[in-house]
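Engineer: Predicted model and sequence follow; I will ask about them next.
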Amino acid sequence: MTDIYQKLAHHLDHLPAGFPATETGVELRILKRLFSEEETAIALGLSMLAEAPAVIAERLGQNVDELAPVLEKMAKKGLIFRSTKGGQTKYNAAQFVIGIWEFHVNDLSEDLVRDMNEYIPHLMKKSWVKHPTKQLRVVPVSKSVSADMKVMPYEQAEEIINGQSKIVVAPCICRKEHELIGEGCGKPMEACLIFGASAYYYEENKLGRTITQDEARDILNQGLEAGLVLQPGNSRKPSNICLCCGCCCQILKNLKMLDQPAKAVSTNWVAIVDEDLCTACEVCTERCQMDAITVDDTAYVDPDRCIGCGLCVPTCDFDAMTLRETDPAKHYVPPRNTVATYLNLAKDRGLI
Ligand code: SF4
Ligand code: SF4
Ligand code: SF4
């Protein structure tokens with residue numbers, strides 16, 4: 001007999017980002033740590049469409065006055081998503097990653113982290129790497145961008161920040177979970193910039209703090225100093241920018257294990273070395289989070305490993321490292337908004 005947690009796992013797997021089953025059942029253990037049976041039954045009744053409590057109550061055959069506080073409690077626990085427009089609060093299903101997992105950034109236990117470290121490589125392999133539409137993409141750091149590069153506004157973190165009226169910075173769950181098990185890297189912890197409706201959710205759930213555009217730009221600068229890769233949401237109007245390290249970020253860590261990480265990211269850029277200028281100082285090898293650079297008599301960038309983050313460019317004191325567009329004829333344009341990204345992902349996965 002299928003138990004209620006198996007049903008929830010199946011339900012989450014039928015959302016665009018997926019929640020693929022394992023042979024060990026670790027994903028069910030994770031759900032049991034997060035959801036009570038009552039919460040599981042309610043989560044099963046939600047779709048990605050935001051709905052008022054009365055609509056959900058009618059579908060579930062429940063009393064709205066009893067259901068509304070439970071929905072709010074579940075939103076506060078990071079199990080479902082809440083949004084408010086024109087004074088009307090609505091709820092919808094949250095995807096597992098990016099979503100429910102990240103909403104637990106201030107609520108981690110060693111057991112949960114251990115289970116997630118077992119599960120995420122499977123999720124990456126069966127969902128993230130396998131399908132062409134990614135939830136995040138890579139953009140170059142601004143100091144790697146030269147005047148002759150045709151970088152679009154959606155490829156510039158500063159431009160993305162300029163367009164935001166609401167920004168929250170949240171702790172990086174990847175670095176937090178590594179710290180919890182004694183494997184922290186010491187890189188900046190406040191590294192997830194969240195925008196728009198998601199920012200209000202983060203603020204209401206006390207997952208982060210509201211900041212100004214100037215503060216967000218300072219965080220970008222600190223990220224550059226620390227050698228963090230810029231990964232905005234994969235749309236022209238992203239709801240977040242992640243500042244990621246190759247040691248803790250579950251995405252970069254798993255990409256790094258591939259032979260050709262460049263094929264599994266959405267990026268338009270690749271680094272190249274001017275051999276005449278390169279002094280083989282090796283500074284760039286430490287900056288690269290993808291192990292894309294080897295240095296012998298000169299540095300060499302493996303184009304199959306380079307994800308075009310630009311971190312190796314500004315620290316080359318000899319101007320030997322630059323970025324160039326991978327293929328101008330195939331310039332990657334992200335979907336126009338997050339909904340379009342998820343529709344593309346749902347199509348990739350054969351859900352629609
Ligand atoms: S490492 Fe990157 S993806 Fe992971 S939580 Fe931190 S900022 Fe987000
Ligand atoms: S930092 Fe610059 S000079 Fe040094 S090895 Fe890399 S490309 Fe060459
Ligand atoms: S070589 Fe490494 S650091 Fe440089 S752009 Fe490529 S991935 Fe980034």
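Structural biologist: Looks like it arrived, so ask away. Ligands and ions are numbered 1, 2, ... in the order given.
Engineer: what does the helix or strand of the chain with the lowest mean pLDDT rub up against?
Structural biologist: The helix or strand of the chain with the poorest confidence is helix 250-256; it has a mean of 93 (mean pLDDT, DSSP states H and E). With C-beta atoms under 8 Å, 6 or more residues apart in numbering as the test, helix 250-256 has contacts from 97, 120-121, 124-125, 128-129, 136, 174, 229, 231, 244-247, 261, 264-265, 289-291, 307. Yep, even glycine has a C-beta here, placed from its N, CA and C like the rest.
Engineer: In the chain, where is pLDDT below threshold?
Structural biologist: Along the chain, segments meeting pLDDT under 70 span 1-2.
Engineer: Can you give me the domain boundaries for it?
Structural biologist: Following automatic domain parsing, the chain resolves into domains at 4-125, 132-352.
Engineer: Ranking those by mean neighbour count, which comes first?
Structural biologist: Ranked by mean neighbour count, the domains of the chain are led by domain 132-352 with a mean of 19 (mean count of other C-beta atoms under 10 Å).
Engineer: Straight-line length of that one, end to end?
Structural biologist: With C-alpha to C-alpha, to the nearest Å as the measure, domain 132-352 spans 15 Å from end to end.
Engineer: closest one to ligand 2 among the domains of the chain?
Structural biologist: domain 132-352 (3.2 Å; C-beta to the nearest ligand atom).
Engineer: Figure out how far the closest one is from the centre of its chain.
Structural biologist: Centre-to-centre, domain 132-352 and its host chain are 10 Å apart (C-alpha atoms, centre = their mean, to the nearest Å).
Engineer: That one near ligand 3 anywhere?
Structural biologist: Yes: using C-beta under 6 Å from any ligand atom, we find that domain 132-352 touches ligand 3 at 271, 287-288, 290, 292-293, 301, 306-312.
Engineer: circling back to that earlier point, now the domains of the chain in JSON lines, with distance to ligand 1?
Structural biologist: Shown next, in JSON lines, are these (distance: least, C-beta to the nearest ligand atom, whole Å):
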{"stretch": "domain 4-125", "distance to ligand 1": "7"}
{"stretch": "domain 132-352", "distance to ligand 1": "3"}
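Engineer: quick one on the thing from earlier: so is the helix or strand following the least confident helix or strand of the chain next to ligand 2?
Structural biologist: Downstream of helix 250-256, the next assigned helix or strand under DSSP states H and E is strand 269-273. Yes: using C-beta under 6 Å from any ligand atom, strand 269-273 reaches ligand 2 at Val273.
Engineer: neighbouring contacts of the helix or strand just after strand 269-273?
Structural biologist: Next helix or strand after strand 269-273 toward the C-terminus (DSSP H and E): helix 283-287. Helix 283-287 is touched from outside by 227, 293-295, 299, 311-312, 315-317, 321, with contacts defined as C-beta under 8 Å, 6+ apart.
Engineer: Tell me which stretches of the stretch 201-350 of the chain form strands.
Structural biologist: 209-211, 229-232, 240-244, 269-273, 293-295, 299-301, 321-325 (DSSP state E, counting those that start in this stretch).
Engineer: List the neighbours of the fourth one that are in contact with it.
Structural biologist: Strand 269-273 is contacted by residues 138, 140, 262, 292-293, 298-301, 303, 306, 308-310, 312-313, 320-326 when judged by C-beta under 8 Å, 6+ apart.
Engineer: coming back round to it: and the strands of the stretch 201-350 of the chain as TSV, adding distance to Asp107?
Structural biologist: Below are these laid out as TSV (distance: least, C-beta to C-beta, whole Å):
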stretch	distance to Asp107
strand 209-211	17
strand 229-232	23
strand 240-244	19
strand 269-273	36
strand 293-295	38
strand 299-301	40
strand 321-325	39
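Engineer: Contacts only, for Ile241.
Structural biologist: 157, 160-161, 192-193, 230-233.
Engineer: From these, pick the one nearest Ile30.
Structural biologist: Ile30 lies nearest to Cys192 out of the contacts of Ile241, by C-beta to C-beta, at 20.6 Å.
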